[in-house]
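Student: Provided below for reference: sequence and predicted model.
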Amino acid sequence: MERSELVALLSPEGLRLLDSLPEWDSSTDVVRTVAALRKEGHPPELVAAVLSQARLRAKAAAKFGEFASTMLFTEAGLEQATRLRVAALHAGRFAAAGVQHVADLGCGIGGDALAMAALELRVTAADADEVTATLASFNLAPFPRATVLHARAEEIDLDGL
C-alpha cells in the first residue's frame with residue numbers, strides 16, 4: 001500500500017465508505033461496485049483503497065475472526081501475520097509467566113501485539129515501515145496499553161520499557 005492510499009483510507013470519508021460497504025465475497029461484482037461508488041462521487045484512489053481493504057478484511061477473517069472486520073491490512077502484512085489463535089496462545093504464556101510489558105519489534109500489522117494487548121499486557125510495538133506502523137496503530141487503537149512506534153528494532157531503547 002502506498003502512503004497516498006493510506007492517507008485516503010484513513011480520512012473520515014475513507015473510513016465511513018469502508019464501513020458502509022457490504023461484506024465482500026467472491027461473487028462481488030467489482031466493476032459494478034466501482035461504477036456505483038464513482039457515480040456517488042468518490043475519487044478513484046479512494047474507491048481502489050476501500051475495495052482493496054474490503055477484500056483483505058474478508059480474507060483476514062480466517063486468521064482474525066470477527067476482529068478482521070475492524071482492522072486494516074496490507075496484502076503482505078496479512079500473509080505474514082500470526083493467526084489470532086496462535087498469537088493468543090503465545091500471549092497467554094506471557095501472561096501466565098507474569099510478564100507485564102512486551103516489546104513486539106517488527107510488529108507488522110499488529111496481530112501478535114493485538115493478542116497481548118487483549119490480555120491487558122502493556123505492549124510497545126514497532127515497525128520500520130511507516131505504512132505498516134500506521135496500520136498497526138489503527139489496529140491497536142482500542143487498547144490503551146498498546147503503543148506503536150515507527151522505528152527500526154535496533155533503535156528501540158529496551159531499557160526504557
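Tutor: Now that the structure is in, tell me what you want to look at.
Student: Which parts of the chain are strands?
Tutor: Listed in chain order, the strands of the chain (DSSP state E) span residues 101-105, 122-127, 146-150.
Student: who's in contact with T147?
Tutor: Taking Cβ atoms under 8 Å, 6 or more residues apart in numbering, we find T147 in contact with V123, T124, A125. From N, CA and C alone the C-beta is placed, and that goes for glycine too.
Student: Make TSV from those residues and add distance to R3 to it.
Tutor: Formatted as TSV, the contacts of T147 follow (distance: Cβ to Cβ, whole Å):
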residue	distance to R3
V123	25
T124	23
A125	19
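Student: Just give me the closest of those to H90.
Tutor: Within the contacts of T147, proximity to H90 (Cβ to Cβ) peaks at V123, which comes in at 12.3 Å.
Student: On the strand side of things, show who the closest one bridges to.
Tutor: V102, A146 (DSSP bridges).
Student: Hmm, it is touching P144, no?
Tutor: No: no contact is recorded between V123 and P144 when judged using Cβ atoms under 8 Å, the distance being 10.6 Å.
Student: so which of the strands of the chain comes closest to T28?
Tutor: T28 lies closest, by Cβ to Cβ, to one member of these: strand 122-127, at 30.4 Å.
Student: elements contacting that closest one?
Tutor: For strand 122-127, the packing partners by 3 or more Cβ pairs under 8 Å, 6 or more residues apart in numbering; DSSP states H and E come out as strand 101-105, helix 111-118, helix 130-140, strand 146-150.
Student: now the angle between strand 101-105 and that strand, please.
Tutor: Strand 122-127 and strand 101-105 are oriented at 10 degrees to each other (axes from the mean of the first three to the mean of the last three Cα atoms, to 10 degrees).
Student: Touching, A115 and L84? I think so.
Tutor: Yes: applying Cβ under 8 Å, one finds A115 in contact with L84, separated by 6.3 Å.
Student: Mind checking which of those two has more residues around it?
Tutor: A115 (26 against 22; other Cβ atoms under 10 Å).
Student: Okay, L105 and A125: tell me how far apart.
Tutor: Applying Cβ to Cβ, to the nearest Å, one obtains 8 Å for the distance of L105 from A125.
Student: Likewise for E45?
Tutor: Taken as Cβ to Cβ, the spacing of E45 relative to A125 amounts to 28 Å.
Student: higher neighbour count, those two?
Tutor: Between E45 and A125, counted using other Cβ under 10 Å, A125 has the larger neighbour count: 28 against 15.
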